[in-house]
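K.L.:
Turn this into a model:
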Amino acid sequence: MSALKLPNGPQTHPWVQTYQWLTNPLEYMEACAKRYGDIFTLRIGPVFSPQVFISNPQAIQQIFSTDPKQLDSGASAGIKAPLLGDQSLLALEGKPHQRQRKLLTPPLHGERMLAYGQLTRDITEQVISQWQVGESFAVLPSVQTISLEVILKAVFGLVDGPRYEKLKEVLLEILNPKQPFVTAMMFLFPSLQRDLGSWSPWGKFLNFREQIDELIYAEIRDRKQQPDPSRTDILSLMMATRDEDGQSMTDVELRDELITLLVAGHETTATSLTWALYWIHHLPQVREKLLQEIDSLGKDPDPNAILRLPYLSAVCSETLRLYPVAMLALNRLVKSPLEIMGYQLNPGTLVIPCIYLTHHREDLYPQSKQFKPERFLERQFTPSEYLPFGGGNRRCIGMAFAVFEMKVVLATVLSHWQMELAHSKPVQPARKGALLGPGGGVQMIVTGKREQNQAVRETSLV
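P.N.:
Purely as a prediction, here's the structure:
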């Protein structure tokens, strides 16, 4: 039998590799790709076992289509999230994962999803109505508020009131921590997860999690005691859904999936919206083209029409390509010997499709560091060439919902306000916990309302 051989990679100490990965992930991955090519091995904490990074579309396609029995993600691949719980779609494997995915897909797609368009627009209008002409503001906190409210109202189905306010308050504490680096390290290295009382970082986290659980379980209990078949929020649809054996989801499954949708959909969508608003205002020609397209729909357009706008779709796709919020797709664990790109990988090896490096392949995306929405109008990319939401049986289940929300929020903001960037200095990407966001944030200034422009444009289009 031929020797099992790992792809090349840095020979530095695993702690050095971990430090570089934590502090400078993009430059580190790019340097490795330049030196070792489309496939290389890193050993980074907390696992330190070989992690094979791959940015070759054919190999990624092979990973996405390999039987999960041979190559699977989930808890055994190191997907452990103390906030999400063991019944989260991210942690489950095999049959339980398939069942949960099947139950969750309908509420997040198609007609049901489109019903949340008006709600998303109303929430956006309410948040942006507080902006003042001439004032500078940070984009991220505003879009975080929008994204959290959309999740609490569309997904959890909560209405304004004490429970809504309390859940919002505790979630903001846990999702936007005061010390993001400490929190990220705590989640990455389980040895730091020590409850030293309510003043310690882990003690605080456990306290917030307990409060969140109390509120969510109280909501589920109330729904069960007073069922209302007319409700269309995602929690209600999840509670009504049944698997092939006629079984509904348990309270723990409901809680874990709600938290997963929240964590996976809050900061990611808010960060993507921040990047989109930055690029739209950084490049006047993009803004002009986009405004013409949005204005062509007239006042208060139907969210379905917004969803279908080709240039807006291209702007969202290019935003998610250039600096994907998740730099990597979920780890896959090799369970039986697997050959990829001529390498025979041993069981226990982690295989990681690298979203960022794939999105910056010059053979796919010429001038990859430039923001060019047109590339998505000129050609179609396969799911292993463009993968901001991962792929295969682990592709983000909220993908359609997230893109729909992005489009409705952007169209609403742009049709209401004229804005410009507060600073002309280019914004660079930086690690924000596990995600990639605009380093230092994005500051904007509201320069005026847009109704007049719209009226002028509409008459010129007639």
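
K.L.:
Residue ranges in the stretch 351-462 of the chain under the pLDDT threshold?
P.N.:
In the prediction, the stretch 351-462 of the chain carries residues with pLDDT under 70 at positions 452-462.

K.L.:
Spatially central residue in the protein, please.
P.N.:
Closest residue to the average C-alpha location of the chain: Thr268 at 3.6 Å, with C-alpha atoms, centre = their mean.

K.L.:
For the residue lying closest to that one once chain neighbours are set aside, the count of nearby residues, please.
P.N.:
Of all residues not flanking Thr268 in the chain, Val325 sits nearest, at 4.6 Å (C-beta to C-beta, 6 or more residues apart in numbering). No exception for glycine: its C-beta is placed from N, CA and C like everyone else's. Using other C-beta atoms under 10 Å, the number of residues around Val325 comes to 24.

K.L.:
re earlier: following the chain past the helix or strand hosting the residue nearest to the centre of the chain, name the next helix or strand.
P.N.:
Using DSSP states H and E, Thr268 falls within helix 267-282. Using DSSP H and E, the next helix or strand after helix 267-282 towards the C-terminus is helix 284-295.

K.L.:
what about that following helix, average pLDDT?
P.N.:
Per-residue confidence for helix 284-295 averages out to 96 on the pLDDT scale.

K.L.:
May I see the buried residues of that helix?
P.N.:
Residues of helix 284-295 classed as buried under the neighbour-count rule (16 or more other C-beta atoms under 10 Å) are Val286, Arg287, Lys289, Leu290, Leu291, Glu293, Ile294, Asp295.

K.L.:
again, but for stretch 52-72
P.N.:
By neighbour count, with 16+ other C-beta under 10 Å as the criterion, the buried positions of stretch 52-72 are 52-57, 59-64, 66, 68, 71-72.

K.L.:
Same check on stretch 234-254?
P.N.:
Neighbour-count burial for stretch 234-254 flags Ile234, Leu235, Ser236, Leu237, Met238, Met239, Thr241, Met249, Glu253, Leu254 (criterion: 16+ other C-beta under 10 Å).

K.L.:
for stretch 377-392, same thing?
P.N.:
Result for stretch 377-392 [16+ other C-beta under 10 Å]: buried residues Phe381, Ser384, Glu385, Tyr386, Leu387, Pro388, Phe389, Gly390, Gly391, Gly392.

K.L.:
now stretch 151-160
P.N.:
Here stretch 151-160 shows Ile151, Leu152, Lys153, Ala154, Val155, Phe156, Gly157, Leu158 as buried, counting by 16+ other C-beta under 10 Å.

K.L.:
Secondary structure element for the spatially closest residue to the third one that is not a sequence neighbour, which one?
P.N.:
Read it as Lys153. In space, Lys153 comes closest to Leu119 once its chain neighbours are excluded; the distance is 6.0 Å by C-beta to C-beta, 6+ apart. Under the criterion DSSP H and E, the helix or strand holding Leu119 is helix 117-128.
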